[in-house]
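[1] task: produce atomic coordinates for the following.
(2 chains)
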Protein chains: 2
Amino acid sequence: MAHLTGELLIGGERRFGIHGEIKGVNPATGETLEPAFGGATTADVEAACALAAEAFGPYRSLPYETRAQFLESIAEHIEAIGDDLIVRTMAETGLPRPRLEGERGRTVGQLRLFAGVLRDGGFLEARIDPAMPDRKPLPRPDLRLRNVPLGPVAVFGASNFPLAFSVAGGDTASALAAGCPVIVKAHPAHPGASELVGRAIQAAVAACGLPPGVFALIHDSGYEVSQALVADPRVKAAGFTGSRRGGLALLAIAQGRPEPIPFYAEMSSINPVILLPAALKARADKIAPDFVAALTLGAGQFCTNPGLILAIDGPELDAFIEAAGKAVEAAPASVMLTPGICQAFAHGVAALTDAAEVTTVARGVPGPDGSHTGRAALFSVTAADFLANPHLHEEVFGAASLVVRCAGQAELEAVIAALEGQLTIALHMDEADHGIAGALLPALELKAGRILVNGFGTGVEVAPAMVHGGPFPSTSDGRTTSVGTLAIARFLRPVSYQNLPEALLPAELKTQNPLGVVRRVDGVMKLG
Amino acid sequence: MAHLTGELLIGGERRFGIHGEIKGVNPATGETLEPAFGGATTADVEAACALAAEAFGPYRSLPYETRAQFLESIAEHIEAIGDDLIVRTMAETGLPRPRLEGERGRTVGQLRLFAGVLRDGGFLEARIDPAMPDRKPLPRPDLRLRNVPLGPVAVFGASNFPLAFSVAGGDTASALAAGCPVIVKAHPAHPGASELVGRAIQAAVAACGLPPGVFALIHDSGYEVSQALVADPRVKAAGFTGSRRGGLALLAIAQGRPEPIPFYAEMSSINPVILLPAALKARADKIAPDFVAALTLGAGQFCTNPGLILAIDGPELDAFIEAAGKAVEAAPASVMLTPGICQAFAHGVAALTDAAEVTTVARGVPGPDGSHTGRAALFSVTAADFLANPHLHEEVFGAASLVVRCAGQAELEAVIAALEGQLTIALHMDEADHGIAGALLPALELKAGRILVNGFGTGVEVAPAMVHGGPFPSTSDGRTTSVGTLAIARFLRPVSYQNLPEALLPAELKTQNPLGVVRRVDGVMKLG
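    Numbers count the residues shown, from 1 in each chain, chains lettered A, B, ... in the order given. You can find the predicted model right below:
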């Protein structure tokens, strides 16, 4: 097993943090895991920010090819950790081996995808408006535009994707690709996995000869360090995945700074699934087990977990609920990520169970007493009651879902109109449903970042056309995505250069296009 | 003269606002202009927002070609107002005829440019990742992405561009192009020009058969209506051009809503001009009069007015200051936009005059007693004193500029590092300056949205490669521009469609690409 030291990783060096301690806990056994991880002080935050600011200039000035190779080097160093990474992450999260092996593949694939983004150059959004010296009444200057990185980025990883959305996850990969140094605040639920991956990044920084301030990893024994990190004037943007409460607290700090910064928080979503009439009639018995499989996947701990089912009431919906209820009853209890998450899930389920207007359809198999396991739960409610009680719109993180019985299409539309912003909305439909689906789509696309058909949101493809984002409060900034190649845009801003001599232009804007990037020339897109 | 009624324009109708009155004032004469314009109530805001929300769905669903024709129709209707628009705007703003005729051309040109953007379709950022049904371990779904509009947009026009950045200005044109209904809060300094242009838009809405809620124009006799507009839950974004104080106040409302919204404020900038050694040595006598011409253009009331000159001290800088001082002394006083702006300018100039560390180099010709004219002013200060006094970094809106004498390149770099975010930074350079320019550029592009060479920022080309934006506090969101075709991106967000049947896909994402738009297919850019 790789030797963990519990140290902070700052500026290419390691030191043990002196502000409290964090220890991993095995949620499957309750066992506390060694070693202790030292919490950072605000002085450590200062040091990491100063180094990041210092590294920013040289890092962003590197050729894009060098930056691409750095991302690939991180991927290789993560792979080189070998099975120790899987074993430690399993112990810290209770997630099973195949899931974590897949997640590791996704993590390194994501890094390599952004290497491709850098080689493609489309993210630069290069534009050239050639001069028109003879234009009347005034000549037109030569104008050229490209995107530049914002500056050092703070990353707050997620508990539920300890690899793909943590230390070397999507936020880190997209920020590093954009040319921004990254300071990661490790999630306390997987400090060991964080250290292993952080050391891999640190090794890649060294192997590529980059300024050591390009990356830092710090632990926080409370909230102070996270707050200091978002408030630091050298930090120019932040990415966050977690609870609405945590996200909003840090968002307020980001907005209240003397210089406000973009704060990209991915917070909460109940991911409505709409069962349209023809599909429900034709295959309720097929959709139901697929739904329960998506609901219980990873103990329901996906941001895109299907927490809400909307359908028009009737015998077909009764059949669906019955079939789904049976599948839920057969679902084994699953270890949740942390004792705290497990407790919050139990509270959320209890609140639904106790709500007078809510019917408990089914509960999954209970776990052993004292285990940190989540027991799946399916509830139902009428649309009228759902509309009357905003608490029923709140996310219960884990394998719990609520079926909303709508009296007809009008009530279904009323429920959709009352929804908060979502990461995903799924439609189950057959060809006979195209009419109603087409009628609903305009409302749906204003409520969610991704609309999907005959599936569930739980598979989030890392691809150019993915949007993992959505209107508030699913994220703090619905104009962006945190998964897929478009995520790089969060850490960029455009700069226009007017009459800059050819010799001083960045390569992507030189007239001969030496990098061969896609550019918009005089308003017309040209391939490189 | 076109008959002005002073009415609010809401939902295709007109009614006189009952919440106080606003009257235009001729700043050249002090004369109050008829008629009175009735201030809106918060109930009027409610009504305009309800109509905008209702119009949003149908408006955004129109073919892009129809939307383009609507923008062109607005341009035609503005042109059809004829000279009355120029005459009334001259009376309300004190701006001269040629400037306003040019600005009208810019306004209609901008609308037509966005019609072209709609026909081009690049703003949709269409992406298609085809399905891979045989991929292992899991098949890849079909994913398609495009941008959709945010929703109704509130626009707060600028005093200093009563046509090109007001009722039918850049924010309105880009928001309407994006598919967002627009509610304009008229600037109280030119209510008559606002009514004329507002009626032109209203007529274009009717001529194109659009839902009347697509456009509204309201007057505000205080601040209440503006605040209510930004707070209204149906408003999904806002564009603002004005003071830092006003912008920050509305930004706080936008951020503090239950659902925060993007608030694009273009606020303040002193637009540093850096005179590099070789250029200064070779042609101080040529740069100086050009500088003073830019400084005094439009009474210095440009967002991009050159309010700061940075150079390395020495006899060449003395020569520049002497030549610029002479040109300032010859500069006639100019009528300013409003008595309030004139007073604020006088206060700002008095503060610089009274500052012990600041030298008054020259003042322009004084205007007649009691006239609302601005008298140009040129000051100088050492870099050490500039660095020590943050008040010297603040914008004085009008024809005032401060020369900062730097002891050498290191001090010049220190001054640049201490600057706040700017709309523009200009460099005057000759070939021998390329070395120092190249060394400064990385710092400059982090401080400004546009870097220009051997010119001044006052000409803002409306073009694809323009950025009129910049880091805080020049704007509230440095990731965007308010001038040029890229401005449309402020009012859009991406949506991803997964496995949506071909029949339900929007035209820009249908496999056959019937609109012929540029798309990124499987990560590779393809021309339409």
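
[2] quick one: contacts for A:A299?
    If you count contacts by Cβ atoms under 8 Å, 6 or more residues apart in numbering or on different chains, A:A299 has them with A:G94, A:S334, A:V335, A:M336, A:L337, A:T373, A:G374, A:G398, A:A399. C-betas here are computed from N, CA, C, even on glycine.

[3] correct me, but the third one touches A:T373?
    Yes. Applying Cβ atoms under 8 Å, one finds A:V335 in contact with A:T373, separated by 5.4 Å.

[4] got any residues that touch both of those two?
    Both A:V335 and A:T373 are in contact with A:A299, A:G367, where contact means Cβ under 8 Å, 6+ apart.

[5] which one's more surrounded, these two?
    When A:V335 and A:T373 are compared for neighbours, A:T373 comes out ahead with 22 against 19, by other Cβ atoms under 10 Å in any protein chain shown.

[6] the closest residue to the more buried one other than its chain neighbours sits in which helix or strand?
    Nearest residue to A:T373, sequence neighbours excluded (Cβ to Cβ, 6 or more residues apart in numbering or on different chains): A:G367, at 3.0 Å. Taking DSSP states H and E as the definition, one finds A:G367 inside no helix or strand.

[7] distance of A:G367 relative to A:L337?
    Distance, A:G367 to A:L337, by Cβ to Cβ, to the nearest Å: 14 Å.

[8] neighbour count winner among these two?
    Taking other Cβ under 10 Å, A:G367 and A:L337 do not tie; A:L337 has more neighbours (27 against 17).

[9] look at the residue of the stretch 301-450 of chain A found nearest chain B and say how many residues are nearby.
    Of all residues in the stretch 301-450 of chain A, the one sitting closest to chain B is A:R450 (4.3 Å; Cβ to the nearest Cβ). For A:R450, the number of neighbouring residues by other Cβ under 10 Å comes to 30.

[10] show me where the stretch 401-528 of chain A has helices.
    Under the criterion DSSP state H, counting those that start in this stretch, the stretch 401-528 of chain A carries helices at the ranges A:409-418, A:434-445.

[11] so which residues make contact with the shortest one?
    When contacts are defined by Cβ under 8 Å, 6+ apart, helix A:409-418 is touched by residues A:272, A:274, A:310-312, A:383-384, A:386-387, A:393, A:404, A:406, A:436, A:439-440, A:443-444, A:447.

[12] show me the contacts for the residue of the stretch 301-450 of chain A closest to chain B.
    The neighbours of A:R450, taking Cβ under 8 Å, 6+ apart as the test, are A:L423, A:T424, A:I425, A:G457, A:M466, A:V467, A:H468, A:G470, B:V495, B:S496, B:Y497, B:Q498.

[13] and for A:L387?
    Here A:L387 is in contact with A:A414, A:V415, A:A418 (Cβ under 8 Å, 6+ apart).

[14] got a winner among those residues for most neighbours?
    Across those, neighbour numbers were computed from other Cβ under 10 Å; A:V415 holds the maximum, 20 neighbours.

[15] would you mind measuring from that one to B:V453?
    Noted for A:V415: a distance of 57 Å to B:V453, by Cβ to Cβ.

[16] per-domain residue ranges of chain A.
    The record's domain split for chain A, according to automatic domain parsing, is A:7-27+A:38-267+A:481-490, A:272-453.

[17] please identify the most buried of those domains.
    Ranked by mean neighbour count, the domains of chain A are led by domain A:7-27+A:38-267+A:481-490 with a mean of 22 (mean count of other Cβ atoms under 10 Å in any protein chain shown).

[18] and that one, does that touch chain B?
    Yes. Under the criterion of Cβ under 8 Å from any Cβ of the partner chain, chain B is reached by domain A:7-27+A:38-267+A:481-490 at A:57, A:60-61, A:102, A:116, A:120, A:122, A:127-129, A:137-138, A:140-141, A:143-145, A:148, A:150-151, A:255, A:259-260, A:262, A:481, A:485-486.

[19] point out where chain A drops to low pLDDT.
    Low-confidence segments of chain A (pLDDT under 70): A:1.

[20] rerun that using 80 as the cut-off
    Under the criterion pLDDT under 80, the flagged ranges of chain A are A:1-2.

[21] mind listing the strands for the stretch 251-400 of chain A?
    Per DSSP state E, counting those that start in this stretch, the stretch 251-400 of chain A has strands spanning A:263-266, A:272-275, A:308-312, A:334-335, A:359-363, A:373-374, A:377-382, A:400-406. These are given in chain order.

[22] using a markdown table, lay out these together with distance to A:V214.
    Listed next are those as a markdown table, based on distance: least, Cβ to Cβ, whole Å:
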| stretch | distance to A:V214 |
| --- | --- |
| strand A:263-266 | 20 |
| strand A:272-275 | 41 |
| strand A:308-312 | 42 |
| strand A:334-335 | 36 |
| strand A:359-363 | 49 |
| strand A:373-374 | 38 |
| strand A:377-382 | 45 |
| strand A:400-406 | 41 |
